[in-house]
Structures are given as structure tokens and as C-alpha cells.
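> got a predicted structure plus its sequence, pasted below:
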Amino acid sequence: MTDEHEPGAPVSPSSEKTGVGNNSRRIADGVRDAILSGELAPGSRIRQEEIAAKYGVSRIPVRSALSILEADGLVKLVANSGAWVSQFDLGECEEFYRIREQVEPLLLAASMPGLAPDVCDRMDALAEQMANTSSADEFLRLDREFHDLSYSGAKTVVLDEIVQRMWNMTHHYRLMFTRVFLDQGDTIVHDEHRMLVRALREGDTDQAELVARAHIRRTRLQLARHPELFTVHRSP
């Protein structure tokens, strides 16, 4: 009997689908990292043939990977044109932040009863690291971990998915804004982080929701004062 793993052995449809699925997830993770790191800027074209060559695959798993990223809000697929990194104007970004203002306090409230005892200690350490960094990339990495921890006690799935999607979609604009406020020496964000940790430690849900909502709202208003952050080339 021929071993199915030997060269030239027939591949079952289910095995082929599994391979495509694994490759699609691997490619989606790689392209997502490139987008969130700024390697692929908003509005830039994603060439499927280049990605296929980079990962040594056909274009089938590449298309599947881009569909995953489109569902995440990170990629825009244009009929008869191709794939582009999603980009948003100020009005669209403001809408995302208004959604975050409503949804994230709900997720935070759902999380608080289930937060592990050591979460606040780690969040305190992250808040201090953020206060002492001058790197926008490092700040955003720490900030993402900080807020993800604050939501780590939640059992809900839908709210968390919405929040993660909003964070991914606005990542590039938060990065540009972070560079601005670090240059200006703004310290309010650090105070808000410390206030949030204190509210979590005290189990004060109302205060935690209030701080979270104000934290997001202030960023939305600050972004509106910097329309130049949105003057980039528009994709089709």
C-alpha cells in the first residue's frame, strides 16, 4: 500500500482543504502583522502574486487569507482591481471611536468580576512602562496588552470580537496620534491608565466605566484636531 505521505501519493479532498485552511491562517497572521506594524500602510495595494511567492503557495489560500482580513476590517477587496489595506477618513474613524465609547465600558463591566487577582499588578507595571517610553510602537504594544488584560475576565464573545475589530481598524491612526502626543509630552493618558487600575482594584464598576469612556472620548477629540493624520492616498 502506498503511504499517503510519500511523494506522488493521492491527497484526499479533506486533507487538501485542511492544508489550504492552515496556509490561509498563516498568511492572514503574517499580513495582519505587516499591516499593524505599518509595513503595509493604509491605502497600499496588496499584490496576491507576491504574497503567494513569499509563502510558497498558490493564490487560493492567499485569497482566503485576504477574505479573513477583510472580515477583520483590515483589507478592502475591490472587484476587478485587487486587494488594498483599509484606510479611513476622519469621519469614519470618529464613528469607530463612538462605537468604542459605548461598547468597551460594557466589556469592562463584564470583565471585572472575573479578573484574576494579579491582573491589576501587571496593569500597574504596564502603566509605568508606558509612562517611561518615548517609542510610539512600544507604547501601543504595551497599551494593547494593558487594555486586553482589563477585558480578560469577560466571558462574552460578541463584545470582545467587536472591540478587537475596532482596535485593529484604528491601529494605524492611533500609532500616528501616539507619535504626536509623545512629542508633546502629554501625560493625561498615563493618569487615566492609573485611575482605571485603581477603579479595578476597588471593584468600582461605575468609576471604571467612566474612566474608560472618557479615555476613548478624549482620543477621539484629539484625533479630530489633527486632520493631517488622515491626508493619505485613497485606495479605490
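Looks like it arrived, so ask away.
> excluding its backbone neighbours, what's nearest Ile99?
Met166 (6.1 Å; Cβ to Cβ, 6 or more residues apart in numbering). Every C-beta, even on glycine, is put in place using the N, C-alpha and C of the backbone.
> surely the one you found is within a strand?
No - using DSSP: H, G, I helix; E, B strand; the rest coil, the assignment for Met166 is helix, not a strand.
> I figured it hits Arg100, correct?
Yes - with contact defined as Cβ atoms under 8 Å, Met166 counts as touching Arg100 (5.2 Å).
> more neighbours, these two?
Shown here are Met166 and Arg100; by other Cβ atoms under 10 Å, Arg100 has more neighbours (23 against 18).
> quick check: phi and psi at Arg45.
Phi and psi for Arg45, reported as degrees, to the nearest 10, are phi -80, psi 140.
> go on, Val85?
Backbone geometry at Val85, expressed as degrees, to the nearest 10, gives phi -70, psi 130.
> thought it was touching Gly38?
No - look at Val85 against Gly38 with Cβ under 8 Å: they stay out of range, at 10.2 Å.
> neighbour-wise, which of these two wins?
Neighbour count, other Cβ under 10 Å: between Val85 and Gly38, Val85 has more, with 21 against 14.
> got a list of what Met169 touches?
Asp72, Gly73, Leu74, Ser86, Phe88, Phe96 (Cβ atoms under 8 Å, 6 or more residues apart in numbering).
> quick one, what contacts the first one?
Asp72 is in contact with Arg32, Arg165, Asn168, Met169, counting by Cβ under 8 Å, 6+ apart.
> next: the fifth one.
Neighbour list for Phe88: Pro42, Phe96, Met169, Thr170, Tyr173, Phe230 [criterion: Cβ under 8 Å, 6+ apart].
> so the fifth one is in which element?
To tie it back to what came earlier, the one meant is Tyr173. Secondary structure from DSSP states H and E places Tyr173 in helix 158-184.
> need the next SSE after that helix, C-terminal direction.
Beyond helix 158-184 toward the C-terminal end (DSSP H and E), the next one is helix 188-202.
> so which residue is smack in the middle of this structure?
Geometric centre of the chain, nearest residue: Asn168, 2.5 Å, by Cα atoms, centre = their mean.
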